[in-house]
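J.: test case, fold it:
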Amino acid sequence: MGHASLTFVMALLILASAAGATGSATLTETPPMSASSPENILDWPMFHHDPSRVGYSESTAPSSSNLIWSFRTGGQVFSSPAAVNGRVYIGALDGKVYCINAENGALIWSFTTDAAVYSSPAVVYNKVYVGSYDNKVYCLNAENRDFIWSFTTGDLVESSPAVLNGRVYVGSYPKIYCLDAENGALIWSFATRGRVESSPAVAYGKVYVGSRDDNVYCLDAENGARIWSFTTGNDIHSSPAVVYNKVYVGSYDNKVYCLNAENGDFIWSFTTGNFVYSSPAVAYGKVYVGSRDDNVYCLDAENGALIWSFPTDSHVFSSPAVADGKVYVCSRFDYKVHCLDAENGAVIWDFTTGGSMYSSPAIAHGKVFVGSFDQSIYCFGKAYGVSVSISPSYRGGPPGGTLNYTVTVVNTGGAEDTYTLIVSDNSGWAKMLLENLLENVQPGENRVVTLSVTIPENAENCTKDNITVTATSRADNTINASDSCLAHAILVKAIIPPTADVYAFGGYSRAQLKFDISEIPSGSNIISAKLWLCRLATDGWDGCIVLNRVDNQVWDETITASEFDVQTLTNEENHISKFMSHGWDNLNVLSQLNVDHSAGRAYTSFRLRWMNDGSEPSTGVNDGRFLAIESQSDNLLIVFYSREYNGRDPYLEVTYVPP
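T.: Below is the predicted model:
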């Protein structure tokens, strides 16, 4: 953890020590944590979380049995995990210590001892401390598994080390050892009359530990001198939890004890239906512990009164872990991991593994880790997920144009989340997301955002930009998704001559032109459509032309006068004073052309006439093969040439962006 977090934890320790000295603290609060390493405050660095063995974390914790990953070891797992710096450390009965990626369950490294590893690792200052049944305590480099030192005890080591202030405290048979954390040198040892499988708790400058000789011992952490001992009615495997100057521990005499941490005086005991192998967790003014009588108990930390009990279907050897108002604990032969409400014991979820459960859960950074005798390690957590899609995946436009895309972001996980959206590309075109932060997206919810891409004015034809939108979870920044789309600077200009024309159709006042538009792809964005005509006019003619779209698709130059007159005309437009001089000029026919193109038609046709044409019945095609419009009042004349005259054709110029 950073300096601020470490200072905060140390302050809690000072307050806890002060409370122990004065006896004024109450147990209605969450217990303080002990400073054990500079790691993040939400890590779980050793068995039951910290040197005081309180079994409580400030982390959030999952409310559903969502399995994020499982990892297969080479042996059954009795050991309990430590979770530090995005890694999970755990031992197995194949003699190995495993280091696993906490996010995805991938193996980072393993280290082989000479016997089964029942002990739970402690990870402090980038070192892993763990015992083995080969009678040794090991210190390894947490980053790369390099061997640093080992210490040989007098017997197998099942006890899990506690590490504090540069010292390692661990039990074996028949001793408790204090070792130098840097080099493994023996600082002191204390002999009991039985095997020490209990994991020492260190608090208030003292070491608290149980022994199979029926005693709870309190030793001076500095020199190992006995301060006091308390005798129960049977063996003690349970590890003490030390909180607010009280020691909580279970015994094989079927009882949970609360003792004065200063002098060992008896405060209270609670009797279960069988022996207590489990180590108590203390949080929220309550003590949580399991028993071989198949129950999980919640007791009042002040007086030992039963608050609630939860019946499992098997023995509870696992030690509860508490966080976020929840209790996580395993039961032995029903193979289950249970999540209970810390206040009332109600079941929130459970999960069935493939083997017996001795391992105790660890809670870190919103995830729960635990081992099983099915040779697996399990990770549970909130199911964060996201998907991104962009529609359409391709869009073309003219230089200077703006292309809009629809970005759809879906929460594919099982928990509310917030997503940060980032847009990137490979050509540097201007781009913008309507929103780049999607907050409080519910599971299964879709959010839609508009992506706008502006094509540069100077973009060369057919240049492209590949744009990617990435959504990243704010809850877990390893969760992200992206999709890409293509923006295309493209502009096609088609010159289309008429496939049929009829000029001077009756009274020198009407004409039709027909164009084949089948080569313009369906779905194209037509930017402009111009009908170009070459005209020769008497100066001063007013040039008032009417243009209509012709609905008939099958007419040709053999059309009769009666057929000509009955055609459907739509989309009329007046072009006033358009042709006031000689030469080529054009009429805008975009709206008329779009009608036919959108309908998927092969042709588009236009009729031109003089604005003052009375639309008398047609008499047929005149020999002139051109449209000559004559003003009746002032005898001015305008002539539009056909392809048979002057060596030039009228033509349709269409500019479009293909799909």
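
J.: could you dump stretch 256-274 to CSV, C-alpha only?
T.: Provided in CSV are the C-alpha atoms of stretch 256-274 (Å, rounded to 0.1, in the frame of the first residue of the first chain):
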residue,chain,number,x,y,z
VAL,A,256,-14.9,-21.1,21.8
TYR,A,257,-13.0,-19.0,24.3
CYS,A,258,-12.6,-15.3,24.9
LEU,A,259,-9.5,-14.4,27.1
ASN,A,260,-8.0,-11.2,28.3
ALA,A,261,-5.1,-10.5,25.9
GLU,A,262,-3.0,-8.8,28.7
ASN,A,263,-3.1,-11.5,31.4
GLY,A,264,-5.0,-14.5,30.0
ASP,A,265,-8.0,-14.2,32.3
PHE,A,266,-11.1,-16.1,31.3
ILE,A,267,-13.9,-13.8,30.0
TRP,A,268,-16.4,-16.2,28.5
SER,A,269,-16.8,-19.4,26.5
PHE,A,270,-19.4,-20.8,24.2
THR,A,271,-20.0,-24.5,23.8
THR,A,272,-20.7,-26.1,20.4
GLY,A,273,-21.8,-29.6,19.6
ASN,A,274,-18.3,-30.9,18.7
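
J.: what does that stretch rub up against?
T.: Applying C-beta atoms under 8 Å, 6 or more residues apart in numbering, the contact partners of stretch 256-274 are 20, 203-204, 206, 208, 216, 218, 227-230, 232, 242, 245-251, 254-255, 276, 280, 287, 289, 291-293, 295, 297, 299, 301, 303-304, 306, 315. Glycine gets a C-beta too; all of them are placed from N, C-alpha and C.

J.: buried residues, that stretch. List them.
T.: 256-262, 264, 267-270, 272 (16 or more other C-beta atoms under 10 Å).

J.: same thing with stretch 149-168?
T.: 149, 151, 153, 156-164, 167-168.

J.: can you check stretch 356-369 too?
T.: 356-369.

J.: try stretch 435-443
T.: 438, 441, 443.

J.: ok, how many other residues are close to Thr402?
T.: 13 (other C-beta atoms under 10 Å).

J.: so what's it closest to, chain neighbours aside?
T.: Thr454 (4.8 Å; C-beta to C-beta, 6 or more residues apart in numbering).

J.: tell me how far stretch 406-425 lies from the chain's centre.
T.: For stretch 406-425, the separation from the chain centroid amounts to 8 Å (computed by C-alpha atoms, centre = their mean, to the nearest Å).

J.: all helices of the protein, in order?
T.: 3-22, 561-565, 590-598 (DSSP state H).

J.: who is the residue nearest to Asn574 when sequence neighbours are not counted paired with across the strands?
T.: Excluding its sequence neighbours, the residue lying closest to Asn574 (C-beta to C-beta, 6+ apart) is Val546, at 5.6 Å. Beta bridges link Val546 to Asn574, Arg609, judged by DSSP bridges.

J.: now do Val388
T.: Beta-bridge partners of Val388, as defined by DSSP bridges: Val409.

J.: I'd say it and Ser473 touch.
T.: No - taking contacts as C-beta atoms under 8 Å, Val388 lies outside contact range of Ser473: 11.8 Å.

J.: hang on, the earlier thing: need the buried residues of stretch 356-369 in JSON lines (columns: distance to Asp341 and pLDDT).
T.: Output for the buried residues of stretch 356-369, formatted as JSON lines (distance: C-beta to C-beta, whole Å; pLDDT from 0 to 100):
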{"residue": "Ser356", "distance to Asp341": "25", "pLDDT": "95"}
{"residue": "Met357", "distance to Asp341": "20", "pLDDT": "96"}
{"residue": "Tyr358", "distance to Asp341": "24", "pLDDT": "96"}
{"residue": "Ser359", "distance to Asp341": "22", "pLDDT": "97"}
{"residue": "Ser360", "distance to Asp341": "19", "pLDDT": "97"}
{"residue": "Pro361", "distance to Asp341": "16", "pLDDT": "98"}
{"residue": "Ala362", "distance to Asp341": "20", "pLDDT": "98"}
{"residue": "Ile363", "distance to Asp341": "15", "pLDDT": "97"}
{"residue": "Ala364", "distance to Asp341": "21", "pLDDT": "95"}
{"residue": "His365", "distance to Asp341": "22", "pLDDT": "90"}
{"residue": "Gly366", "distance to Asp341": "18", "pLDDT": "90"}
{"residue": "Lys367", "distance to Asp341": "19", "pLDDT": "94"}
{"residue": "Val368", "distance to Asp341": "15", "pLDDT": "97"}
{"residue": "Phe369", "distance to Asp341": "21", "pLDDT": "98"}
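
J.: ok, of those, which one's closest to Gly55?
T.: Using C-beta to C-beta, Ser360 comes nearest to Gly55 of the buried residues of stretch 356-369, at 8.0 Å.

J.: just to revisit the earlier point, check the buried residues of stretch 256-274 and tell me the two furthest apart.
T.: Pairwise over these, using C-beta to C-beta, the maximum falls at Glu262 and Thr272, 26.5 Å.

J.: show me where pLDDT drops low in the chain?
T.: Confidence mapping of the chain against pLDDT under 70 gives the ranges 1-39, 504, 506-509, 535-543, 578-582, 612-615, 622-648.

J.: which residues touch Asp146?
T.: Leu140.

J.: same check on Leu608?
T.: 510-513, 545-547, 587, 627, 640.

J.: now Ile100
T.: 71, 87-90, 106-108, 377.

J.: out of those residues, which is most surrounded?
T.: Tyr89 (30 neighbours).

J.: pretty sure it contacts Val123?
T.: Yes - counting by C-beta under 8 Å, Val123 is a contact partner of Tyr89 at 5.5 Å.

J.: which residues do the two both contact?
T.: Listed as contacting both Tyr89 and Val123 by C-beta under 8 Å, 6+ apart are 82, 142.

J.: for the residue nearest to Leu306 when sequence neighbours are not counted, list each beta-bridge partner.
T.: The spatial neighbour of Leu306 that comes closest, neighbours along the chain excluded (C-beta to C-beta, 6+ apart), is Leu299 at 6.1 Å. For Leu299, the beta-bridge partners under DSSP bridges are Val287, Leu306.

J.: my read is that Leu299 contacts Ala305, right?
T.: Yes - with contact defined as C-beta under 8 Å, Leu299 counts as touching Ala305 (6.6 Å).

J.: the two: which is more packed in?
T.: Taking other C-beta under 10 Å, Leu299 and Ala305 do not tie; Leu299 has more neighbours (23 against 10).

J.: any idea how far the more buried one is from Thr352?
T.: Noted for Leu299: a distance of 27 Å to Thr352, by C-beta to C-beta, to the nearest Å.

J.: and the residue nearest to Gly354 when sequence neighbours are not counted, what does it touch?
T.: Spatial nearest neighbour of Gly354, chain neighbours left out: Asp374 (3.3 Å); criterion: C-beta to C-beta, 6+ apart. Residues in contact with Asp374 (C-beta under 8 Å, 6+ apart) are 76, 335, 353-355.

J.: determine which two of the residues you listed are furthest apart.
T.: Most distant of the contacts of Asp374, by C-beta to C-beta, are Gln76 and Tyr335, 12.4 Å apart.

J.: overlap in contacts, the two.
T.: Counting by C-beta under 8 Å, 6+ apart, the shared contacts of Gln76 and Tyr335 are 355-356, 372, 374.

J.: include distance to Asn66 when you put the residues you listed into a markdown table, please.
T.: A markdown table is the format used below for the shared contacts of Gln76 and Tyr335 (distance: C-beta to C-beta, whole Å):
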| residue | distance to Asn66 |
| --- | --- |
| Gly355 | 20 |
| Ser356 | 23 |
| Ser372 | 17 |
| Asp374 | 19 |
